[in-house]
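Q: below are the sequence and a predicted model; questions follow.
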Amino acid sequence: MAETVLETHGLTMRFGGVTASDNVNFSLKARELRCLIGPNGAGKSTFFKCVTGLLTPTEGQVFMRGQDVTGWQPHQIASLGVGIKTQTPNVMDALSVHENIWLSARRFHDAAEAKARTDTIIDRLALGGIARTELGQLAHGERQRVELGLVAVADPWLVLLDEPAAGMSAQDVDRMTEIIHELTRSAAVVIVEHDMQFIRSIAETVTVFHQGAVLMEDHVDHVMSDPTVRAVYLGKKA
Amino acid sequence: MERSLGKDITATLIVSALLIWLLPMMVATYTLTVLVIYGMLGLSLGLIWGFGGILCFGQAAFFGLGAYTYAIAAINFGESTVPMLLAVLVPLIFAAVLGALMFYGRLTDVYLGVITLVVTLILFKFVNSTAGPQYVIGNARLGGYNGIPGFQTLNVPGNPDAYIWGDPYFYFCAVTLVIVFLLVTWLLRSSFGRVAIGIRENETRMALMGYDVAARKTVLFAIGAAIAGLAGALFANWGEIVTPGLFSLGQSAEIIIWCIVGGLGTRLGPILGAAGLAYLKFMLGQQSLIDNTLITGLILVLFVLFLPKGLVPAVAAPWKASFGRARRRPHARQRRKARHG
């Protein structure tokens, strides 16, 4: 039985009168790949932000590897060995690809070891040609790849990705899929995603959010053929 | 940051040795000394703003604090070595506390500016109002708007009668600036400096990587204040009097202008900006045709419009394009060959 790496109990987030996350109970096992889907405003991103410490939930608790991390700062959660990628690319634009990834590796290793790991990741992600280029000059797909690289270089045991495939070309998405599969060898991965095609190609278990709450949780094939889920996505009454 | 640290140090030492040798032949050392001191003050803000992204509107507060600390301590101790150390330590600790309050309080840029500005104002108002005889620290009267004159100036450590003044004092200040410059160079190349630059670029990302952004900004802010404090102590020794004017808003604004004109994000820019503009102000002060604040303002406007990155980046960019890259290209080819071969 694999260890549970991420768990939430009754996670609730209210903004004024709006309940963006409503009593979410979620649990994830080590090396599991889980996709979170749902229409706009379903509460996926709010849930993601509560887990990563970018927001403090109004009620409920978050546990990581059994430790209560509710109300922790993002840097404290990241220090546990959790890799996080936000929805919009969050990178250091004026710095080179190498420096971006090195900074991430340096958090957990000394300078020399960080450099060695950075070089390895750059080779693995085929970023060698642009290693000295500033992030600001790169295409969107490349920036996304670099951001995934700086998540991967820290050797996380839990990876949280918010819309990693957004705005990417088919070729970039294929490469992204490969990288994510490689990550699951050592880490549990949570992906918040809109792109159904991407989810079909990558997901096993899918959690569907609707109006802040978990609507269902099942294998991707069952979820896709479920009439309620289809209704939610198409905006019809079930 | 492509060049090695060794080359950087060698270049710095050669250039500064030449300048320290040649400049006294052109400008009086008394004037040069204050230009060097302003250069150090410019560097202190250039470090935290240009490399840490912390725009401090109150760098003058640390400058003044350093100067006052020195003056008060020098009167009480009757020698200069301990006061010099205190003049660095007091602003350092003050900034560490202030910085921790601001950065752990998650203040955004604008509020950070407001707070540092207000702190400067408070210090200015407070020091200005200490003319009465009840404001005494040890043997030193704070003196209010009259300032504190007549304190022990810099002496050879252990020998309070051997004063360092005149030409030797210029060399002392210049060498101190070179040392501080080299320490800043080293700091920026260290992991701490590289992380600081990462924080300047994207705070959220650095936090998501697991860096304690607030702690690191606090430390950098305190280092900047320590350098400003040292500059303040040197200024006190140069002027032989400290006045509340050191805390003034005009002084704070001038430091920001030095950084913008010289070039943010460079080590040299703020020093050159400070020395250049201060020298210009000195020259303009000798004539009465045009008001010199008008000229300073005009220069700032022209720079913001036409050279928004400042002097040093504007000069360095074409230099790199014509000389820097030619050296780098064969290097990259070699690396590629090594990988495929």
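A: Arrived safely, thanks for sending. Numbering: from 1, shown residues only, chains lettered A, B, ... in the order given.

Q: quick one: average confidence on stretch A:185-194?
A: Confidence over stretch A:185-194, taken as the mean pLDDT, stands at 91.

Q: and if you look at stretch B:115-133?
A: Along stretch B:115-133, the predicted confidence averages to a pLDDT of 94.

Q: ok, and what's touching that stretch?
A: Outside of stretch B:115-133, the residues within contact range by C-beta atoms under 8 Å, 6 or more residues apart in numbering or on different chains are B:56-61, B:64-65, B:68, B:98, B:102, B:107, B:141-146, B:244, B:247-249, B:252. Where you see a C-beta, it was placed from the backbone N, CA and C, and this is true even at glycine.

Q: please redo it, this time with the cut-off set to 6 Å
A: With C-beta atoms under 6 Å, 6 or more residues apart in numbering or on different chains as the test, stretch B:115-133 has contacts from B:56-58, B:60-61, B:102, B:142, B:144-145, B:244, B:247-248, B:252.

Q: which single one of these is nearest to A:Phe48?
A: When the contacts of stretch B:115-133 are compared for distance to A:Phe48 (C-beta to C-beta), B:Met102 comes out closest, at 28.7 Å.

Q: just give me the least confident of the contacts of stretch B:115-133.
A: Among these, B:Ser248 carries the lowest pLDDT, at 88.

Q: where are the low-confidence patches of chain B?
A: Along chain B, segments meeting pLDDT under 70 span B:1-3, B:322-341.

Q: ends of stretch A:42-57, what's the gap?
A: Its start and end residues considered, stretch A:42-57 measures 16 Å (C-alpha to C-alpha, to the nearest Å).

Q: just the helices in chain A please.
A: When secondary structure is read from DSSP state H, chain A shows helices at A:44-52, A:74-79, A:97-106, A:111-124, A:140-152, A:170-183, A:196-202, A:220-225, A:227-234.

Q: out of the ones you listed, nearest to chain B?
A: Shortest distance between chain B and the helices of chain A, using C-beta to the nearest C-beta, is found for helix A:74-79: 3.6 Å.

Q: any residue of the closest one touching chain B?
A: Yes: when contact is scored as C-beta under 6 Å from any C-beta of the partner chain, part of helix A:74-79 falls within range of chain B: A:74-75, A:78-79.

Q: what does stretch A:160-175 give?
A: No: among the residues of stretch A:160-175, none lie within reach of chain B under C-beta under 6 Å from any C-beta; the closest is 9.5 Å away.

Q: relative to the whole chain's centre, how far out is that stretch?
A: Offset of stretch A:160-175 from its chain centre (C-alpha atoms, centre = their mean, to the nearest Å): 12 Å.

Q: avg pLDDT for that stretch?
A: 86.

Q: if we can go back for a sec, for the helices of chain A, give me TSV that also has mean neighbour count.
A: Written out in TSV, the entries for the helices of chain A read as follows (neighbours: other C-beta atoms under 10 Å in any protein chain shown):
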stretch	mean neighbour count
helix A:44-52	24
helix A:74-79	20
helix A:97-106	26
helix A:111-124	16
helix A:140-152	22
helix A:170-183	16
helix A:196-202	16
helix A:220-225	15
helix A:227-234	14
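
Q: can you list these in CSV and add distance to B:Ile260?
A: Listed next are the helices of chain A as CSV, based on distance: least, C-beta to C-beta, whole Å:
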stretch, distance to B:Ile260
helix A:44-52, 36
helix A:74-79, 31
helix A:97-106, 25
helix A:111-124, 33
helix A:140-152, 30
helix A:170-183, 40
helix A:196-202, 46
helix A:220-225, 55
helix A:227-234, 52
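
Q: which of these has the lowest mean pLDDT?
A: Taking the mean pLDDT of the helices of chain A, helix A:227-234 comes last: a mean of 81.

Q: residues of the stretch 151-300 of chain B that sit close to chain A?
A: Within the stretch 151-300 of chain B, the positions adjacent to chain A are B:191, B:198, B:201-202, B:204-205, B:207-212 by C-beta under 6 Å from any C-beta.

Q: so what's the residue count around residue 32?
A: Just going to use chain A. Burial of A:Glu32, expressed as a neighbour count using other C-beta atoms under 10 Å in any protein chain shown, amounts to 19.

Q: try chain B instead
A: Counted with other C-beta under 10 Å, the burial measure for B:Leu32 works out to 22 neighbours.
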